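# The sequence isn't on hand, but the structure is:
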């Protein structure tokens, strides 16, 4: 079916499809869910619209700004498509100036991402092996200097309003112009005889480990990782009871240096003589650099990890890349400038400045604010534009994949509810599209308060759209 024709027919049949009786039934059912005694301690803002016409099917507090949690990623990724374009690539370049090895970061959030590497059949550490090969091809046996240029983004790597207690968590990893392995390491602890053995993966001298893990004969394996006043000096506490042990993903500090150290260690093992120090600096005259390798990650891959898997690093690099690509010299992409451009995009959709506040790209900051009206406007603009197929494919699919693979498993709903979930302390959200038998319906549900059961209330509302509008 021709895209435009199908939507024209859908609009013409609107009076037959979403009849007043169906809308009244939907309203009654959602009101019942919201007013249930389990949900009375929670606050809901909801907007549901017919995707073809934009007609409102249900509304509750739609103009009230709420903390959106990861529903902020809908805005960040939509703005990325608007400003960067669907063909954009995050490019990491490797080059030489004489016998100086230069790594020029392009903000790629998926460089060394285990999930992406598995998808493409790439071995762990493949990029370091390829750089070694490139140097061997150039007959390089020693290097005078290793330069890391991470200045595509600024050095403000952590949003000021991210919870301090979470900064060593994988979801709060730092954001750099040169990222690697999601800017994390895996800390593992196991029992070996009477000792507790702690290992780091990938193995590197970049971290200093203070092992305070004890052994026990009963209980459960459990460890906790704490930072110290010295960057990348970690204290590991807890206990292990067997040789299987346990592990935790931990966010590191200074990701670009992390990449540089891993590279240097790999080069040394391959027999290439390396300098004693790694230099981080901006390469002002990039024309001097003779490029020997380029590694590109398409925006489509980043979009999927951002929305389907709710990868915070992906969303933050979208905002900073928007900034960098709209700065003379493509340098120092930053949150404030990127957020200003995202705000301009929202105002261009007719969304008033009172309907949003932007503090990061991922929604981890509780200072972000969006209305349900703003989110549905963004989704409607995407739905009517040339990038809808790309964006829709990036959403989690109920009963099948992403953050909602374990929800909507009933045959009636599986594969028909697509969206972006959101969760931070005290906040739960879900926005996306429901594919009813009579047409597509866009929805946004933002909540605050309540407890874990609010997640099920949100799911019930999404299912009600399928039931009542079908």
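Great, that's in hand. These numbers come from a predicted model, not from an experiment. Residues are numbered from 1 along each chain as shown.

# Quick one: the strands in the stretch 251-400 of the chain, in order.
Remark: strands assigned in the stretch 251-400 of the chain by DSSP state E, counting those that start in this stretch are 278-280, 290-298, 356-357, 369-370, 396-397.

# Of all these, which one is nearest residue 308?
Nearest to residue 308, of all these, is strand 396-397, at 5.0 Å by C-beta to C-beta. For glycine as for every other residue, the C-beta is placed from the backbone atoms N, C-alpha and C.

# one step back: let me know which of the strands of the stretch 251-400 of the chain is tucked in deepest.
When neighbours are counted by mean count of other C-beta atoms under 10 Å, the highest per-stretch mean among the strands of the stretch 251-400 of the chain falls to strand 369-370, a mean of 24.

# Could you give the separation of that strand from the chain centroid?
Distance, stretch centre to chain centre, for strand 369-370: 18 Å (C-alpha atoms, centre = their mean, to the nearest Å).

# before we move on, what about stretch 349-362?
Relative to the centre of its chain, stretch 349-362 is centred 18 Å away, using C-alpha atoms, centre = their mean.

# From the rest of the structure, what touches that stretch?
Outside stretch 349-362, the residues that touch it by C-beta atoms under 8 Å, 6 or more residues apart in numbering are 63, 65, 70, 72-73, 75-76, 159, 161-162, 312-313, 315-320, 335, 338-339, 342-343, 346-347, 365, 367-371, 373-374, 377-378, 381.

# Let's see that with 6 Å instead.
Residues from elsewhere that reach stretch 349-362 (C-beta atoms under 6 Å, 6 or more residues apart in numbering): 76, 159, 161, 312, 315-316, 318-319, 339, 342-343, 346, 365, 367-371, 374, 377, 381.

# and what of stretch 28-45?
Here stretch 28-45 makes contact (C-beta under 6 Å, 6+ apart) with 58, 60-61, 64, 66, 372, 446-450, 453-454, 457, 460-461, 464.

# could you point out where the stretch 151-300 of the chain is predicted with low confidence?
In the predicted model of the stretch 151-300 of the chain, no residue satisfies pLDDT under 70.

# hey, where'd the helices end up in it?
255-269, 299-307 (DSSP state H, counting those that start in this stretch).

# Would you convert the ones you listed into a markdown table that also reports distance to residue 124 and mean neighbour count?
Shown next, in a markdown table, are the helices of the stretch 151-300 of the chain (distance: least, C-beta to C-beta, whole Å; neighbours: other C-beta atoms under 10 Å):
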| stretch | distance to residue 124 | mean neighbour count |
| --- | --- | --- |
| helix 255-269 | 11 | 21 |
| helix 299-307 | 18 | 25 |
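
# want to throw the strands of the stretch 251-400 of the chain into CSV with distance to residue 442?
Listed next are these as CSV, based on distance: least, C-beta to C-beta, whole Å:
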stretch, distance to residue 442
strand 278-280, 45
strand 290-298, 26
strand 356-357, 18
strand 369-370, 15
strand 396-397, 15
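
# List the beta-bridge partners for residue 145.
Assessed by DSSP bridges, residue 145 has beta-bridge partners residue 100.

# wait, it sits on residue 98?
No. Using C-beta atoms under 6 Å, residue 145 is not in contact with residue 98, being 8.9 Å away.

# Tell me which of those two has more neighbours.
residue 145 (15 against 10; other C-beta atoms under 10 Å).

# any idea how far the more buried one lies from residue 68?
From residue 145 across to residue 68, the span is 45 Å (C-beta to C-beta, to the nearest Å).
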